[in-house]
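Novice: What would the 3D arrangement of this be:
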Amino acid sequence: MPTKVTVNPGLITINDGSSFLVTASDGSIDENLAQGFFVWDTRLISYYEISLNRYPLSLLASSNITHHNALYQFTNPQLTTINGTLPAGSLLVTVRRDIVEGMHEDIDITNYHSEAVKFQLMLAVRSDFADIFDVKSQQLLTRGETETTWQNSVLTTEYHNGSFFRGIVIEPVCGTSEPRYANGRLMFDVAIAPGKTWHTCINFTALADGKVFKPQDTCAVPHNTKAGKVRDEFLINATKLRSSNAEIAEYYQQAIADMGALRIEVYDNGHQFWMPAAGIPWFVAVFGRDSIIASLQAIAVYHEFARGTLLKLAQLQATELDDWHDAQPGKMLHEMRRDELTTLNLLPYHPYYGTVDTTILWIVTLSEAYNWNADLSMLDECREPLEKALNWIDKYGDFDGDGFVEYLTHSSKGLRNQGWKDSGDAIVYPNGELVEPPIALCEVQGYVYDAWLRAALIYEVWGEKEQAKKLRQKAQELYQRFNDRFWMESVGFYCLGLDDKKQQIQSITSNPGHLLWSGIVPPERAKKLVNRLFQPDMWCGWGVRTLSSENLAYNPISYQRGSVWPHDNSIIAAGLKKYGYHKEANRIAEGIFAAASYFQAGRMPELFAGIDRQDDNFPVPYPDANIPQAWAAGSIFLLIRTILGLKADASKQQLKVQPSLPDYLPDLELTNLSVGDATVGLRFWRDGEQTQWEVTHLDGELEVSA
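Specialist: Have a look, this model is predicted:
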C-alpha cells in the first residue's frame, strides 16, 4: 500500500455552495492564516478557539465526514477547577460542524471521571469580515465599520462599508447552561455528573446584502440536509463504474463525490440545472474556463453539468465594451465574485471576462453536450449566444487581424496571462524571460479550429448549410495558417505561441498536447509531437510537465512552470487517443492513477510537483492546492472515457466505443450511462492483448458499435 500524502496537511475544509469553512485540524481558526468561515467571498469568522477554564483542549482526532460536515474529538489536559484538579483524559469532547448555507455546531462533553466536574466552556470568536482576496494574499485591511451586540443570548456582529454589508449571528439554541458573553467570549457554566454528557449547540447565521444564510437546526443526529439531498441526487444519476481494480474504482467514486460537492445551482426559465464550481476553498464561485472544462470531462458521467454551465455562462455573456472588466460583446466570463473589493468596484470581478479561451470552449461544449443529449431546445436557446460568441472570435479575439486569437488585458487589475496557464509568470521564453502580451497561444488556435468545425455541425442541424460551409472554410484556412506559423521543424514540435512581435515563443511546454485534442495537427506531424511530449524533460513519470525541465525558468514546485496538472494531462491523453496513440494515452492514465494512489482517498489535487517519479518517492503536492478541484476530479472521468474510446451521437441514437484496456485495468463495467433518452450498461475486459466488450443493459433506443 503506497504511503498516503496529505494535501494541505493540518487543515479541514467543508462547504455547501458558496459557504465554506477552513480550520486547523483542532477546529481552531487563526485570523493570520488563510482560515475562517466564509460566505459570498467574505470571511465572517476570523478567529475561533474552544477552551475549558482557558485551557486549550487536547486533540484526539478530526476529519471530514462528508463535504459539508466535520467531526473533531478532544480530551482535556490536566485542568484546575474550583473543585480541585481534574486529571488529563477525564473528558471526551466532541465537536460536530455542518455547513448548509450557515453553520451549525454541536458540542458534547462526556465525563469519565469518578467525580462530578464543574468548569467554564469558553468559545472565543472574532469576525474581521475580510475580503477573500485579502485573506488569500494575507494582506488584511479593514475598510468599513464593525459593530457587535449581545441581546437575548444572541451575539450579532455586523459590518458596513458603503453599500457593502455582511453579518454573522451566533445563537446558542439548546443546552442546559445559559450562555454569557464578555471579553470576546461566549461562556457556559458546565456541571457534569460521572458518566453523564453535557450538550449545547450553536447556530451561525450569515447575513449578506439582504440574504439570510440560516443553518439547519439539528443536534448531533443524522442530517438529511439539503446539501445531502443534492449530493444523493447526483450520485443516483451519474454513471457508475465497477472494476476488479478496486483502487481505480475508488478514485472514480471519490471524483463523483468531489464533483457533487462542487455543484452550483443554475436557474433558467423556471428549471433547475447544475454547474461545477472550480474548487474548494478559494474558487467556490461561477467560473468560465474551469467549469467548461470540468463539464466536458464529465460529459459521459453526467451531461447535465454541461447544460447548466452553458446556460449560466450565456446568461452572463458580455454585451458591451468595458475595459475595467475586460469585457467585449459576446465574450464569456472568467469568474464572478461577491466580495467587498468587487462590490465597491475596487476589483473587476462582477463579473470579470479576462480569459481568452472560455468563449471558444463554450462553443465546443455546446456541440459536445448536443452529442450526448440530442436536446434541440438547448441548441435553440443557445443560438443567439453562439452567434455572439462566433462574432467575438472574429472581431475581438483576433483583435489585430492576423488570423490568430490573442489576449491582452485592458484592465488595470486584469490578468496578465489569460490562457489556462494564467499565473503572471507562466508564459516564458526558452531563456526563462517573461513574454510580454499580446500573446497568441498555440492551444487557443486549436480550440478555435475545433469550435468552427463543431459550430458548422450545429448550423447543419438548423438546416443552414451555407453558414456551415463558411465555418468549415474558415477552419481549413486556420489549419493551414496555424501549421505554417506555429510548427518548429528543428525540434518536431509546436511553439508555445506567438509573442507581441509575432515571433515564435519556442519554449517546450504541455500546451501543444491540447492540439491533438482539437484535431489541428496533421497526422504526419502527430508522431513527432507525441515523441517530444514523452522525452525526459517533459515526462516525469507521473504525467507531462507544464514546462520542460530544460527551460531556465523551470521549477517543479512552481504553479505552472514545471508542475503536473491532472486536467492538462487528461486533455493530452484524450488527444492521443483521437490520433490512435492508445498506449501513450494509457501511459498518461497510469501516471495520473499512480499519483492518485498516494493522495488520501485517491482524491486528485489541483496540481502537484513535476519531480521525477522514482521507486522510492511519491508525488509532492503543491502548497495551497485546491482540493477538491473540479477539473482535477474531472480528469479521472476523462481518462476513463479515453481508455474506453466513448463517442456519442445522441441525435442518431449511436454510441461508438474504441476500448483499449491497459494491463493494470483488466476489466471495467459502466452502468447508468446516459446517451439522449437511452441508458446503457457496458462491460469491458482484456482477452490477452485485446479488449472485448458487451452491452449488459439497454433501456431505450441506442446502437452501440466499435
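Novice: give me the element the closest residue to Gln297 other than its chain neighbours is part of.
Specialist: Take Gln297 and drop its neighbours on the chain: the residue closest to it by Cβ to Cβ, 6 or more residues apart in numbering is Gly634, 3.1 Å away. C-beta: built from backbone N, CA, C; applies to glycine. Take DSSP states H and E as the rule and Gly634 turns out to sit in helix 630-644.
Novice: Could you list the low-confidence segments of the chain?
Specialist: In the predicted model of the chain, residues 1, 218-232 satisfy pLDDT under 70.
Novice: List the residues that contact Pro619.
Specialist: Val5, Trp542, Val564, Ala595, Tyr598, Phe599, Phe608, Ala609, Ile611, Arg613 (Cβ atoms under 8 Å, 6 or more residues apart in numbering).
Novice: check which helix or strand covers Thr80.
Specialist: Assigned by DSSP H and E, Thr80 belongs to strand 79-81.
Novice: Point out the other helices and strands that the helix or strand that that strand is followed by packs with.
Specialist: Downstream of strand 79-81, the first helix or strand assigned by DSSP H and E is strand 84-86. Packed against strand 84-86 by the contact rule (3 or more Cβ pairs under 8 Å, 6 or more residues apart in numbering; DSSP states H and E) you find strand 79-81.
Novice: Now do the contacts for the residue nearest to Gln297.
Specialist: Gly634 touches Ala255, Met259, Pro276, Ile293, Ala294, Leu296, Gln297, Ala298, His567, Ser570, counting by Cβ under 8 Å, 6+ apart.
Novice: since we're on the third one, how many residues are nearby?
Specialist: When you say that, I think you mean Pro276. Using other Cβ atoms under 10 Å, Pro276 is surrounded by 32 other residues.
Novice: Give the bridge partners for it, please.
Specialist: Listed beta-bridge partners, Pro276: Arg263 (assigned using DSSP bridges).
Novice: wouldn't it be in contact with Ile264 here?
Specialist: Yes: counting by Cβ atoms under 8 Å, Pro276 touches Ile264, with 7.1 Å between them.
Novice: Do I have it right that Thr13 meets Asn64?
Specialist: Yes: under the criterion of Cβ under 8 Å, Thr13 makes contact with Asn64 at 7.5 Å.
Novice: Which of these two has more residues huddled nearby?
Specialist: Thr13 (19 against 14).
Novice: hmm, back to that, roughly how far is the helix holding Gly634 from the heart of the chain?
Specialist: Mean C-alpha position of helix 630-644 versus that of the full chain (Cα atoms, centre = their mean, to the nearest Å) differs by 13 Å.
Novice: Buried residues in the strand holding Thr80, which are they?
Specialist: Neighbour counts using 16 or more other Cβ atoms under 10 Å place Leu79 of strand 79-81 among the buried residues.
Novice: Given that strand, what are its sheet partners and their directions?
Specialist: Strand 79-81 has these partner strands in its sheet, going by DSSP bridges: strand 84-86 (antiparallel).
Novice: what packs against the helix or strand following the helix holding Gly634?
Specialist: Under the assignment DSSP H and E, the closest C-terminal helix or strand after helix 630-644 is strand 647-649. Contact here means 3+ Cβ pairs under 8 Å, 6+ apart; on that basis strand 647-649 packs against helix 358-373, strand 654-656.
Novice: Secondary structure element for Ile107, which one?
Specialist: In this structure, Ile107 sits in strand 102-111 according to DSSP H and E.
Novice: which non-adjacent residue is nearest Ser660?
Specialist: His582 is the one closest to Ser660 (Cβ to Cβ, 6+ apart), at 4.0 Å.
Novice: quick one: that neighbour from Val521, how far?
Specialist: 17 Å (Cβ to Cβ, to the nearest Å).
Novice: the more surrounded of those two?
Specialist: Neighbours per residue (other Cβ under 10 Å) separate His582 from Val521, with Val521 holding more: 26 against 19.
Novice: In contact with that one, which residues are there?
Specialist: Applying Cβ under 8 Å, 6+ apart, we find Val521 in contact with Asn483, Tyr494, Leu515, Leu529, Tyr579.
Novice: Tell me which stretches of the stretch 451-600 of the chain form strands.
Specialist: 487-488, 493-494, 497-498, 504-505 (DSSP state E, counting those that start in this stretch).
Novice: Make a markdown table from these and add distance to Gly354 to it.
Specialist: Formatted as a markdown table, the strands of the stretch 451-600 of the chain follow (distance: least, Cβ to Cβ, whole Å):
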| stretch | distance to Gly354 |
| --- | --- |
| strand 487-488 | 29 |
| strand 493-494 | 24 |
| strand 497-498 | 17 |
| strand 504-505 | 20 |
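Novice: out of these, nearest to Ser18?
Specialist: Counting by Cβ to Cβ, Ser18 lies closest to strand 497-498 out of the strands of the stretch 451-600 of the chain; the figure is 34.6 Å.
Novice: quick one, strands of the stretch 301-450 of the chain?
Specialist: Using DSSP E, counting those that start in this stretch, strands in the stretch 301-450 of the chain cover 335-336, 440-441.
Novice: So which of those strands is the most surrounded?
Specialist: Mean neighbour count, computed with mean count of other Cβ atoms under 10 Å, is highest for strand 440-441 among the strands of the stretch 301-450 of the chain, reaching a mean of 28.
Novice: Just the residues contacting that strand, thanks.
Specialist: Strand 440-441 has contacts (Cβ under 8 Å, 6+ apart) with Val356, Asp402, Phe404, Val405, Glu406, Tyr407, Gly419, Ile427, Leu496, Gly497, Leu498, Asn511.
Novice: same question, stretch 546-563
Specialist: Here stretch 546-563 makes contact (Cβ under 8 Å, 6+ apart) with 421, 423, 425-426, 428, 430-433, 507-510, 536-538, 540, 545, 564-565, 568, 607-611, 620, 622.
Novice: Among these, which lie within helices?
Specialist: Per DSSP state H, helices hold the following members of those: Asp568.
Novice: and Leu576, what is it in contact with?
Specialist: Contact analysis of Leu576 by Cβ under 8 Å, 6+ apart lists Leu516, Val530, His582, Glu584, Ala585, Ile588, Thr642.
Novice: go again using 7 Å as the cut-off
Specialist: Applying Cβ atoms under 7 Å, 6 or more residues apart in numbering to Leu576 gives the contacts Leu516, Val530, Glu584, Ala585.
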